[in-house]
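In: Show me how the following folds:
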Amino acid sequence: MRVLFINNDGGGYAAPVEIADGTSVGKLFSQQLAHRDPSDYLIRVNRQATTEDQILNDGDRVSMTPVKIEGA
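Out: This next block holds a predicted model:
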């Protein structure tokens, strides 16, 4: 299954990523932003704030935006 992953950390980027059926937002976070703390990010699915346990669906748009910006 494929979702659009939008990383708004630093320079930011957007790219489609392949994930397994039944993947949760939390698992995608750990795959894409390893060694980061999810509580430091606003995570949205299809522009709606969500929790880590939400299961993703094919075609979802997932954005992860830091709420704490170093040096700001």
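In: Output the contacting helices and strands for the helix or strand where residue 27 lies.
Out: If you go by DSSP states H and E, residue 27 is part of helix 25-32. With contacts taken as 3 or more Cβ pairs under 8 Å, 6 or more residues apart in numbering; DSSP states H and E, helix 25-32 sits against strand 2-7, strand 41-45, strand 61-66. In this view, the C-beta of every residue, glycine as well, is placed from N, C-alpha and C.
In: okay, these in a markdown table with mean pLDDT and distance to residue 52 next?
Out: Formatted as a markdown table, these follow (pLDDT from 0 to 100; distance: least, Cβ to Cβ, whole Å):
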| stretch | mean pLDDT | distance to residue 52 |
| --- | --- | --- |
| strand 2-7 | 96 | 15 |
| strand 41-45 | 96 | 7 |
| strand 61-66 | 95 | 11 |
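In: Is it possible to get JSON lines of those strands that adds distance to residue 32?
Out: As requested, those are exported to JSON lines (distance: least, Cβ to Cβ, whole Å):
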{"stretch": "strand 2-7", "distance to residue 32": "6"}
{"stretch": "strand 41-45", "distance to residue 32": "11"}
{"stretch": "strand 61-66", "distance to residue 32": "7"}
